[in-house]
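Predicted model and sequence below, questions to follow.
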Amino acid sequence: MKTVTLNGARMTSVETTHQYIAYKLRFPKYYGGNLDALWDILSTESEPILIRLVNTDRMNQSLGDYAKLVLNVIYEAAAENKKIHVKII
């Protein structure tokens, strides 16, 4: 199982959040950089992956309510796709 750590301190704006997630998870270039695109890719991921989230408090400070939306999409995708596992550190 591949493990990827997402550092909330690196997610300082909506745009940088999606760029960072795409880079860390090696999304294809066509990734749309929005919550719908994030859901689409994670919910159909075929390889097992553990997404470790660190510094979510910093993400919340920078993004406010959008941080909650990002986390919800990640959790919902993991509930839909049993190959995705999420852990907050």
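Okay, I see it.

What segments of this structure are strands?
Taking DSSP state E as the test, the strands found in the chain are 2-7, 49-54, 84-88.

Spatially, which residue comes closest to I84, not counting chain neighbours?
Counting by Cβ to Cβ, 6 or more residues apart in numbering, A78 is the residue found nearest to I84 once chain neighbours are left out, at 4.1 Å. From N, CA and C alone the C-beta is placed, and that goes for glycine too.

ok, that neighbour to R26 distance?
Distance, A78 to R26, by Cβ to Cβ, to the nearest Å: 18 Å.

So which of the two has more stuff around it?
A78 (20 against 9; other Cβ atoms under 10 Å).

doesn't I88 make contact with that one?
No: look at A78 against I88 with Cβ atoms under 8 Å: they stay out of range, at 11.9 Å.

So what touches stretch 36-51?
Here stretch 36-51 makes contact (Cβ atoms under 8 Å, 6 or more residues apart in numbering) with 1-4, 6, 18, 21, 25, 27-28, 31-32, 70, 73-74, 76-78, 80-81, 83-87.

Quick one: mean pLDDT over that stretch.
Computed over stretch 36-51, the mean pLDDT rounds to 96.

ditto for stretch 57-65
Per-residue scores along stretch 57-65 average to 96.

Which parts of the chain are helices?
Remark: helices assigned in the chain by DSSP state H are 14-24, 35-43, 56-63, 65-80.

In the last one, which residues are buried?
The neighbour-count criterion (16 or more other Cβ atoms under 10 Å) identifies 66-67, 70-71, 73-75, 77-78 as the buried residues of helix 65-80.

Just send these back as TSV, with distance to P48 too.
Below are those laid out as TSV (distance: Cβ to Cβ, whole Å):
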residue	distance to P48
Y66	28
A67	25
V70	21
L71	20
V73	19
I74	15
Y75	17
A77	14
A78	11
